[in-house]
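Chemist: How does the following fold in three dimensions:
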Amino acid sequence: MPWANAGANLLLDTDGTSAVWEQSDVLVVLNYAALSFAVVVTLWGTERIARRVERVRAETSKVLDADANASFTEINSTIGPLGVSVAAAIAFAISALVRDDWASALLRGTTWLVLGIAFWTFLWTYACLQLGLNRLGRGHLRRDAALVDPGLGLQPLGAVAFMGLWMLLAWLVPALATGLPDVVGLVIGLLVLGGGLAIFFISLLGLHRQMVEVKEDELALARALYAEAYEPVRAARTLEALERQHTLLGAADALEKRARAIHDWPIAEGTWAWVIGIATSVVAIACARLILRPFGF
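Modeler: Numbers count the residues shown, from 1 in each chain. All right, here's what the predicted structure looks like:
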């Protein structure tokens with residue numbers, strides 16, 4: 001569809017075409033390729049997220065006292081993303097009509113209706129995924145999870161949340177980096193990027209709080225047992241007393257180390273650094289293109 005749109009613009013000789021082809025040929029080709037890649041990623045990503053959610057829901061009931069089925073109900077909606085796609089297509093068509101003519105408006109509206117079905121369905125699914133994870137974060141974490149898994153059994157939830165995020169970055173970053181360096185396009189792209197990152201963080205915040213609470217409780221228990229085992233040693237102040245309590249002190253120390261090993265987030269520790277690095281780089285590239293455009297770069 002992006003390539004058909006480019007050919008139709010050239011054929012109709014619309015004013016929008018001149019704005020595109022003012023850029024270098026390589027950049028224009030890269031931009032259309034990025035849009036085509038975005039369509040593929042969004043179509044594939046939407047299905048992949050939905051399938052992963054189906055598998056995760058069964059595992060969630062083992063560690064959380066929450067209704068996983070009810071948490072992701074909006075993901076089945078088709079009216080939501082289609083409605084947003086139609087609204088966006090109408091907005092693009094009206095802007096083209098005001099600027100150009102009916103042919104340009106019809107072409108642009110049709111193009112973004114087709115592209116919008118892929119893009120907005122993915123964004124809808126991504127938002128529903130993170131909303132569902134936020135709802136699960138309000139449930140109660142089973143305390144016995146800490147006995148078998150440092151991740152408290154929540155790693156699959158963190159994995160599906162991060163999968164949605166990197167898919168969002170995979171189609172948004174190339175399109176944002178190769179798109180027209182105008183203020184409106186930059187603002188829209190950065191809003192989507194910032195919104196996606198914010199939703200990702202907020203969706204995991206509830207799970208993070210519960211994991212930290214479990215970790216603190218386990219640490220408090222281990223320290224209490226350690227203090228109880230060490231009390232006879234403090235009272236007697238002899239090597240014999242230390243030898244008698246050696247096994248108990250070792251067990252208490254092991255419990256404390258295990259408690260410290262409990263994760264604070266349901267994702268890998270290096271994930272935040274990776275996400276922040278990518279987002280910062282994209283913002284810097286987009287802003288640099290906008291600033292350097294008047295100089296012909």
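Chemist: all helices of this protein, in order?
Modeler: Counting by DSSP state H, the segments of the chain that form helices are 2-12, 15-21, 25-60, 68-71, 79-99, 102-136, 155-178, 183-236, 239-244, 246-260, 271-292.
Chemist: Any buried residues in the third one, and which?
Modeler: For helix 25-60, a neighbour-count test (16 or more other Cβ atoms under 10 Å) marks 27-28, 30-32, 34-35, 38-39, 41-42, 45-46, 48-49, 52-53, 56-57, 60 as buried. In this view, the C-beta of every residue, glycine as well, is placed from N, C-alpha and C.
Chemist: got it, and the fifth one?
Modeler: Within helix 79-99, the residues that qualify as buried are 80-82, 84-86, 88-89, 92-93, 95-97, counting by 16+ other Cβ under 10 Å.
Chemist: Could you check how far T42 is from L115?
Modeler: 9 Å (Cβ to Cβ, to the nearest Å).
Chemist: one step back: farthest pair within the buried residues of helix 79-99?
Modeler: G80 and L97 (26.3 Å; Cβ to Cβ).
Chemist: quick revisit: may I see the helices of the chain organised as JSON lines, with mean pLDDT and distance to D149 added?
Modeler: Listed next are the helices of the chain as JSON lines, based on pLDDT from 0 to 100; distance: least, Cβ to Cβ, whole Å:
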{"stretch": "helix 2-12", "mean pLDDT": "64", "distance to D149": "45"}
{"stretch": "helix 15-21", "mean pLDDT": "47", "distance to D149": "52"}
{"stretch": "helix 25-60", "mean pLDDT": "80", "distance to D149": "11"}
{"stretch": "helix 68-71", "mean pLDDT": "71", "distance to D149": "18"}
{"stretch": "helix 79-99", "mean pLDDT": "80", "distance to D149": "35"}
{"stretch": "helix 102-136", "mean pLDDT": "82", "distance to D149": "17"}
{"stretch": "helix 155-178", "mean pLDDT": "81", "distance to D149": "8"}
{"stretch": "helix 183-236", "mean pLDDT": "80", "distance to D149": "11"}
{"stretch": "helix 239-244", "mean pLDDT": "74", "distance to D149": "34"}
{"stretch": "helix 246-260", "mean pLDDT": "80", "distance to D149": "11"}
{"stretch": "helix 271-292", "mean pLDDT": "73", "distance to D149": "18"}
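Chemist: Quick check: phi and psi on the nearest residue to Q155 once chain neighbours are set aside?
Modeler: With Cβ to Cβ, 6 or more residues apart in numbering as the criterion, Q155 has its nearest non-adjacent residue at 5.8 Å, and that residue is P266. Phi and psi for P266, reported as degrees, to the nearest 10, are phi -80, psi 20.
Chemist: Quick one: residues contacting P266.
Modeler: G151, L152, L154, Q155, L157, G158, A161, L204, L207, H208, M211 (Cβ atoms under 8 Å, 6 or more residues apart in numbering).
Chemist: Not counting its neighbours along the chain, what's nearest the fifth one?
Modeler: Of all residues not flanking L157 in the chain, P266 sits nearest, at 5.3 Å (Cβ to Cβ, 6+ apart).
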